[in-house]
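K.L.:
Predicted model and sequence below, questions to follow.
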Amino acid sequence: MRYNQLGRTDVKVSELCLGSMTWGTQNTTDEGHAQIDRALDAGVNFIDTAEMYPTNPISAETVGNTERVIGEWFAKTGRRADVVIATKVSGKNGGWVREGRGYDGATILETVDQSLERLKTDYIDVYQLHWPNRGSYHFRQNWTYDPTGQNREEVVAHMLDVLRAMDTVIKAGKVRHFALSNESAWGTMMWLRLAEQHDLPRVVSIQNEYSLLARLYDTDMAEVSLNEGVGLLAFSPLAVGLLTGKYGPDLTPPGTRREASPELGGRITPRVWPAIEAYRAVAEKHGLNLAQMALAFTLTRPFMTSSIFGATTMEQLELALGAADLTLSEEVMTDIDAVHRAHPMPY
């Protein structure tokens, strides 16, 4: 397992990060604990969660349960120091958290304490804003994204309010580092600019979607990452299972995420199946497993800090962990590039 520096901090995180969003719905507490044990044995030292987890489905009744699963593991094993833990506060939402309200400075002072209690720890390594209150082009909203309704003064005031709250919890020792998720280039640069101007906490990472099928990050966000030292934590590097090959136009295995969400959050389109088949052909040509090739590809990107994968079975976990030992040849990368040019935005 290789390790990367988290932003401009002295923290090193494994290039594979264990995602936890299924713990509490698709996975039991014991299964979650088994995944943590095996991942740490393989060299993973990074776990990502959120206050709204578990998902599949998201509900007000289950909010916070994934953090509780992790907290019980900390309490049981005493291995808090072995893990870098990242969690998130939810933005404006469908009513599962705080009746749909997003976050401000006062909210964060409360939600940090709530996460600490559920996680059974006295500090959070990385505290992330799950998505911006002002809106986001992520989750397939890029097709209709329209920022014309934003009020710059209000956005800046909100950012400063949040940064001052983050400064408070960091100085109190409750949080070590501040980070973003589902952000834009402009948003990230504004957070950085305001932090520098007012001597407030600097963004260490950004968690956006990235995979062979979702490569919006390759342009302006890549430039931000490389010039500003704000690396990517990639979520859905296997495109929520599409890049494992387990789904087909008329194939949905029982108990899978697609059974609960038939369109997989807008990822099922007529264009996605030919793209998957083209990547599958590359994997077969070079004697590779499609899922491992897809995950290993994300690790080649110069802006990547860690790629977050999730698993519902130990077999899936083992397969994903194997990607850390896979080096993609120049020939594989050339073939991947050709497929990307032929299928640039499958969803």
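P.N.:
Noted; the coordinates are in hand.
K.L.:
which parts of stretch 254-263 are buried?
P.N.:
256, 257, 258, 261 (16 or more other Cβ atoms under 10 Å). Any C-beta I mention is one placed from the backbone N, CA and C, and that applies to glycine too.
K.L.:
mind checking which helix or strand of the chain has the lowest mean pLDDT?
P.N.:
helix 257-260 (a mean of 87; mean pLDDT, DSSP states H and E).
K.L.:
what's the distance between that helix and the middle of its chain?
P.N.:
Chain-centre distance of helix 257-260: 19 Å, with Cα atoms, centre = their mean, to the nearest Å.
K.L.:
got the CA coordinates for that helix in CSV?
P.N.:
Taking Å, rounded to 0.1, in the frame of the first residue of the first chain, the C-alpha atoms of helix 257-260 are listed here in CSV:
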residue,chain,number,x,y,z
ARG,A,257,-27.6,-0.8,-4.9
ARG,A,258,-29.4,-0.7,-8.2
GLU,A,259,-32.3,-2.7,-6.7
ALA,A,260,-33.0,0.2,-4.4
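K.L.:
Distance from the chain centre to the helix or strand just after that helix, please.
P.N.:
Sequence-wise, the next helix or strand downstream of helix 257-260 (DSSP states H and E) is helix 272-285. Computed by Cα atoms, centre = their mean, the chain-centroid distance of helix 272-285 equals 24 Å.
K.L.:
swap in stretch 160-177?
P.N.:
For stretch 160-177, the distance to the chain centre is 21 Å (Cα atoms, centre = their mean).
K.L.:
Can you mark which positions in it are buried?
P.N.:
Residues of stretch 160-177 classed as buried: 160-163, 165-170, 174-177 (neighbour count, 16+ other Cβ under 10 Å).
K.L.:
which stretches of the stretch 201-347 of the chain form helices?
P.N.:
Secondary structure of the stretch 201-347 of the chain (DSSP state H, counting those that start in this stretch): helices located at 220-228, 257-260, 272-285, 290-299, 314-321, 330-342.
K.L.:
Let me know the angle separating the last one from helix 290-299.
P.N.:
Meaning helix 330-342. Here helix 330-342 runs at an angle of 90 degrees relative to helix 290-299 (axes from the mean of the first three to the mean of the last three Cα atoms, to 10 degrees).
K.L.:
Tell me which of the helices of the stretch 201-347 of the chain sits nearest to residue 60.
P.N.:
Residue 60 lies closest to helix 257-260 among these, at 16.5 Å (Cβ to Cβ).
K.L.:
Give me the contacts around the closest one.
P.N.:
With contact meaning Cβ atoms under 8 Å, 6 or more residues apart in numbering, helix 257-260 is reached by 26, 56, 57, 240, 241, 247, 252, 253, 264, 268.
K.L.:
looking at the helices of the stretch 201-347 of the chain, which is buried most?
P.N.:
helix 290-299 (a mean of 23; mean count of other Cβ atoms under 10 Å).
K.L.:
Now it - C-alpha only, CSV.
P.N.:
Provided in CSV are the C-alpha atoms of helix 290-299 (Å, rounded to 0.1, in the frame of the first residue of the first chain):
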residue,chain,number,x,y,z
LEU,A,290,-12.3,-4.7,-14.9
ALA,A,291,-12.9,-3.4,-11.4
GLN,A,292,-9.3,-3.6,-10.4
MET,A,293,-8.3,-1.8,-13.7
ALA,A,294,-10.8,0.9,-13.0
LEU,A,295,-9.7,1.5,-9.4
ALA,A,296,-6.0,1.3,-10.3
PHE,A,297,-6.6,3.9,-13.0
THR,A,298,-7.8,6.5,-10.5
LEU,A,299,-4.5,5.9,-8.6
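K.L.:
From what I see, residue 11 and residue 5 are in contact.
P.N.:
Yes - Residue 11 lies in contact with residue 5 (Cβ atoms under 8 Å); the separation is 7.2 Å.
K.L.:
of those two, who's got more company?
P.N.:
Neighbours of residue 11 and residue 5, each counted by other Cβ atoms under 10 Å, are more numerous for residue 11; the result is 18 against 14.
K.L.:
Pop out the phi and psi values for the closest residue to that one other than its chain neighbours.
P.N.:
Sequence neighbours aside, residue 84 is the residue nearest to residue 11 in space, at 6.3 Å (criterion: Cβ to Cβ, 6 or more residues apart in numbering). When read as degrees, to the nearest 10, the backbone of residue 84 gives phi -90, psi 120.
K.L.:
Nearest the geometric middle of this structure, what residue?
P.N.:
For the chain, residue 235 is the residue whose C-alpha lies nearest the centre (Cα atoms, centre = their mean; 3.4 Å).
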